[in-house]
Every structure is written in structure tokens, then in C-alpha cells.
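1. with the sequence up front, the predicted model follows.
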Amino acid sequence: MTDSKPSFRTRARELVGTEFHVGEWVTITQEQIDAFAATTGDNNWIHTDPVRARQESPYGTTVAHGYLTIALLPSQMGGFFRKLGATRSINYGLNRVRFIAPVRAGAKIRAHFTMKSAEENGDGLRVTNDVRVEADDEEKPVCLAETITLHF
């Protein structure tokens, strides 16, 4: 007897051209920004000095590193591909990234994922997504990216 449930690959390919997932809202805290700064060595005052940022920054507060926003994308995916049947996923890279607007400390962000392509890649599926990250205090997106992930 064969399993009538569509395969992971079939289910994923059916999503090409659609916005298939929206992440949960997550608040970007000063503590997260400080930890990211400590990890990366990017301690620019616009990220880590709330007093100075309040006085000198055009944003009126500290802002998250753009790469912190990118680093949160896997968690924004929320295990979506595991729910489709993938057993593991590997970040493969980025084709392009643009940081359109600041992510202020205390803002809430979430990512919208639209599948651009799903192509066979060895024993995996290479998925390219257009990702739009929004913040609750910005009219325009804070980040646009094209991500590539291998799913097995």
C-alpha cells in the first residue's frame, strides 16, 4: 500500500509564487541589540548607547543592526518546512539584502515569506524566497531579502 500523502517536495513546489508564511511578531529589545553587538564587535553608539541615541540619532532611540534582522529570519520561519515533512534545513545564502528603514529598539517585527522557486538539488530541495520584514512602527518594510535554503 502506498502513502497517499503528497511528498515534502510536491507540497513545497505547490507554494511557488505564493506568500506561504508570515512569522510571529517579535519585540526587538535593547538587550538583544547589546548581545548582538557583543557577539559581532559592532558596538556603534547608534546601537548600544540609548542616552546618546536619544540625543543625537535621527531615530530618537537606538536601532538594531541590520544583520540582527537577517539573523532572526530562521526563527521567523517557525519550523514551517518541518511541518511539510522536511527533516533538516540548511541556510544556503542570500542573493540580495536591503535595509530599507530602521528597526528601533522596542519595535515589533515579523517576516513575510513568498516562495520564488523550489528546485531539486541533490537529495534536497533548494528554495528561494522573497522576504519582506515589517516593523509595527514603520510604514515601509525595514528589510527586503532574497534567501536561499536547502531542505531535506
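-> Structure received. Residues are numbered from 1 along each chain as shown.
2. use CA for all of it now, contacts and neighbours both
-> Will do.
3. OK, contacts around the most centrally placed residue in the chain?
-> The centroid of the chain falls nearest to residue 73 when counting by Cα atoms, centre = their mean (2.2 Å). Taking Cα atoms under 8 Å, 6 or more residues apart in numbering as the criterion, residue 73 is in contact with residue 111.
4. ok, the one 5 residues further on next?
-> If a contact means Cα under 8 Å, 6+ apart, then residue 78 has residue 23 as its contacts.
5. how far away is it from residue 64?
-> 21 Å (Cα to Cα, to the nearest Å).
6. low-confidence ranges, this protein, go.
-> Across the chain, the ranges flagged by pLDDT under 70 are 1-5.
7. give me that answer again for 90
-> Low-confidence segments of the chain, defined by pLDDT under 90, span residues 1-8.
8. what's the longest strand in it?
-> Longest strand of the chain, by residue count under DSSP state E: strand 108-121.
9. run me through the strand neighbours of the following helix or strand past that strand, direction for each.
-> Counting by DSSP states H and E, the next helix or strand C-terminal to strand 108-121 is strand 124-135. Paired with strand 124-135 in the same sheet, following DSSP bridges, are strand 108-121 (antiparallel), strand 143-151 (antiparallel).
10. and the shortest one, how far out from the chain middle?
-> The chain centroid and the centroid of strand 143-151 are separated by 8 Å under Cα atoms, centre = their mean, to the nearest Å.
11. what comes into contact with it?
-> Strand 143-151 has contacts (Cα under 8 Å, 6+ apart) with 66, 69, 81, 86-101, 121, 124-134.
12. only the buried subset of these, as a ChimeraX command please.
-> Of those, the buried ones can be selected in ChimeraX as follows, counting by 16 or more other Cα atoms under 10 Å:
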select :66,69,81,86,89,97,99,124,125,126,127,128,129,130,131,132,133,134
